[in-house]
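Visitor: Make a model of this:
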Amino acid sequence: MAKSNPGSFRDRFRPGSPEEKFAKKVIKRLTEARPTHKWEFDEESFALKLVEPQEPQETMPQLLFLEGLYQEYSNAAESEKATFVDKAVQLTEPVEMPETFEEAAPHLLVSAMPLFNVVLVGLQMQYMSSQRGTLNADTQEELPFLPCSVLTNHLGLIFVVDKPQGKLYVDRDTVKKWGVPINTIFEKAVENLAGLTTTGGFNGLSREEGGPCCLYQSVLNDSYEGARLIFPQIFQELPVKGEMVLAVPNNDILLITGSEEEDGLTLIVEAFEKAQAMPHPLPPIAMVVRDGQLQDFLPPETSPHHNFFKRMAVVYYNTIYAEQKKLLDESTQGMPDAPFVALYQALEKTEGDYAVSSVTTWSQSVKTLLPLTEQIALVTGEGEAQKIEGFAPFIKVAQIAGSRLVPTADYPPRFYTEGALSEAEIKELVGSNS
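Guide: Predicted coordinates for the structure are as follows:
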C-alpha cells in the first residue's frame, strides 16, 4: 500500500506564511481599537490569546480562533480584505454574560460542536490558567470547561447565550455562578431551540434540474441545524430509499437522504467537501438512524460511494489524532513513566483498485497509547533488533489482548497497553490476516 499523509492543517505554519501575516494584521488592528488589550498569536491553535487585561466585569473572548476569519479573508476580493480584519474587532467586543439563569433563560440555546473542539477548547483554557498561575482544584471537577452533552460519536451539544450583539459559550464557571442544575439549563435551551424549529421544513432537491428528488435540506439555515438532530420527529417521516442517512456539513446545513439513493449520497459527499473548505465545518461523517440511535454511516464496500465516505472519515481522524498526539506529548513531557503516544497513519492505495485505511504501531516492549485504527502493526524487540512481525485488524487484536488494552477517557479514543502479546498470539494474529 502506498502511504498518504494528509497531515494536520496546522502543519502549514512557517515564519512569513500568509496565515502568520494575517494574524499580525489582526493583532495590529485590535491594538489600534483597544490599546490596553494585548493579544498573542498561538500557531498551534491558529488563534489569538488575550494576555491582558483580565476584566472580571466583562466577558472578553479569551481566544479568537482565526480559521474561519482567515478563510473569509482569503476568499475575499482585494478591496474587501480589510473588512475581515476589522471584523476581528467586532468579534472581540466585550459582551456581558447574564448574571443569573433567569436573565439568560430567554437567550439559551444548544449548538452542535465537534467533540474534539470541545476537548481542545478545554485544554487550551486549562493551559492558559496554568500559565497565569490561576489553575485550581476546580479544573479537576467532573464538569468540563465547556459543559457538553454527547450527540453522536463526533458531535456534542454545548450551551450558548444568543443575543443580538453576539453569542457566548456557557462555561463551567457560569453554570456554577447560576447555581441551577445542568439539566435545567439543558431543558430550557432545548425548549428554546424547539421554538425556533416550528417554522422549519425541508426542501426536496435533485442532482440535475428537473430530475427526481434525491435529497432533503432543512430550510432554516440559522447556525443551529446540527443541534436539530435531537428532534427526529422533524425528519423521520421523509420518504427515503433504504435507511435514513443524515449529514450536517456545518451548522447551517442539515441534509437527509436514503442509503440506497445514489444521487443523494453523491450530493452529500459534495456538500462535505465544500464545507471543509469553508469556515466552521463539522466532522465529515454522515450518520444513519438504526434502532432509534444515530450511528456512523459507511456505505457497503460494493457501493460506488464507499471509498468517498471512508476517505473523508480517515482524513478527519488523521487530522484530529495528530492534534491530540501533540497535546498528549506536551502534557507528559518529562514524566519518567509516560506512555508512548502512537501515531494514527492514513494509508491510501491509488494504483490498481483504490483503497484507503488506517494503521498504528504497537511495540510490545513499550507502554503505549494506541489510537483506534483499522490495522495494527505488531512490533517485537528493542532498538536495532526491532521487527515488524506483521499486521492485524484492530478488532481482532482487541479480542485476543483482552484486558491488556484499556480504553482511556480520551477523544478521539485511545487504548493504554497493559502488558504485551505473547509470541504465539502474535503468530495467530498475523497468520489470520495473511
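Visitor: need the helices for the stretch 151-300 of the chain, in chain order.
Guide: Remark: helices assigned in the stretch 151-300 of the chain by DSSP state H, counting those that start in this stretch are 172-178, 182-197, 262-276.
Visitor: what helices or strands is the shortest one leaning on?
Guide: Pointing back at helix 172-178 there. Applying 3 or more Cβ pairs under 8 Å, 6 or more residues apart in numbering; DSSP states H and E, one finds that helix 172-178 contacts helix 182-197. Quick note: C-beta positions are derived from backbone N, CA and C, even for glycine.
Visitor: counting contacts, what elements does the helix it packs on pack onto?
Guide: If contacts are counted by 3+ Cβ pairs under 8 Å, 6+ apart, helix 182-197 sits against strand 108-114, strand 155-163, helix 172-178.
Visitor: For the residue nearest the centre of the chain, list each beta-bridge partner.
Guide: Taking Cα atoms, centre = their mean, the centroid of the chain lies closest to residue 114, which sits 3.4 Å from it. Under DSSP bridges, the beta-bridge partners of residue 114 are residue 155.
Visitor: do the same with residue 368
Guide: Beta-bridge partners, per DSSP bridges, of residue 368: residue 340.
Visitor: contacting residues for it?
Guide: If you count contacts by Cβ atoms under 8 Å, 6 or more residues apart in numbering, residue 368 has them with 339-342, 362, 416-417.
Visitor: got those as JSON lines, with pLDDT columns?
Guide: JSON lines is the format used below for these (pLDDT from 0 to 100):
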{"residue": "339", "pLDDT": "94"}
{"residue": "340", "pLDDT": "95"}
{"residue": "341", "pLDDT": "96"}
{"residue": "342", "pLDDT": "97"}
{"residue": "362", "pLDDT": "97"}
{"residue": "416", "pLDDT": "97"}
{"residue": "417", "pLDDT": "97"}
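Visitor: Derive a PyMOL selection command for the buried subset of these.
Guide: Applying 16 or more other Cβ atoms under 10 Å to the contacts of residue 368 leaves a buried subset, and the PyMOL line that selects it is:
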select buried, resi 339+340+341+342+362+417
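Visitor: Just name the closest of the contacts of residue 368 to residue 119, please.
Guide: If you rank the contacts of residue 368 by distance to residue 119 using Cβ to Cβ, residue 341 comes first, at 15.0 Å.
Visitor: wait, isn't the closest one in contact with residue 327?
Guide: No - if you go by Cβ atoms under 8 Å, residue 341 and residue 327 don't touch, sitting 9.3 Å apart.
Visitor: Any stretches of this protein with poor pLDDT?
Guide: 1-15, 53-62, 123-142, 165, 433-434 (pLDDT under 70).
Visitor: quick one on the thing from earlier: distance to residue 333 for the helices of the stretch 151-300 of the chain - can I get that in JSON lines?
Guide: Formatted as JSON lines, the helices of the stretch 151-300 of the chain follow (distance: least, Cβ to Cβ, whole Å):
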{"stretch": "helix 172-178", "distance to residue 333": "26"}
{"stretch": "helix 182-197", "distance to residue 333": "34"}
{"stretch": "helix 262-276", "distance to residue 333": "32"}
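Visitor: thinking again about what came up before, out of the helices and strands packed on helix 182-197, flag the one nearest residue 78.
Guide: Nearest of the helices and strands packed on helix 182-197 to residue 78, taken as Cβ to Cβ: strand 108-114 at 32.2 Å.
Visitor: Counting by contacts, list what the closest one packs against.
Guide: Strand 108-114 packs on strand 155-163, helix 182-197, going by 3+ Cβ pairs under 8 Å, 6+ apart.
Visitor: what's the most buried one of these?
Guide: Most buried of the helices and strands packed on strand 108-114, by mean neighbour count (mean count of other Cβ atoms under 10 Å): strand 155-163, with a mean of 22.
Visitor: which outside residues touch that strand?
Guide: Residues from elsewhere that reach strand 155-163, judged by Cβ under 8 Å, 6+ apart: 95, 97-98, 104, 107-115, 118, 146-151, 167-170, 185-186, 189, 226-227, 229-230, 248, 282-283.
Visitor: from these, which would you call buried?
Guide: Neighbour-count burial (16+ other Cβ under 10 Å) is assigned, among these, to 97-98, 104, 107-115, 118, 146-149, 151, 168-170, 185-186, 189, 226-227, 229-230, 248, 282-283.
Visitor: quick one: contacts for residue 307?
Guide: By Cβ under 8 Å, 6+ apart, residue 307 lies in contact with 354-356.
Visitor: could you give the angle of the lengthiest helix in the chain to helix 262-276?
Guide: Assignment by DSSP state H gives helix 306-331 as the longest helix of the chain. Interaxial angle of helix 306-331 relative to helix 262-276 (axes from the mean of the first three to the mean of the last three Cα atoms, to 10 degrees): 30 degrees.
Visitor: when you give positions from now on, start the count at 599
Guide: Understood, numbering begins at 599; the last thing we discussed is helix 904-929.
Visitor: Now the phi/psi pair for residue 620, please.
Guide: Dihedral angles of residue 620 (phi, psi; degrees, to the nearest 10) stand at phi -60, psi -40.
Visitor: Neighbours of it, how many?
Guide: When neighbours are counted by other Cβ atoms under 10 Å, residue 620 registers 21.
Visitor: got it, and the one 4 residues further on?
Guide: Using other Cβ under 10 Å as the criterion, residue 624 is surrounded by 26 other residues.
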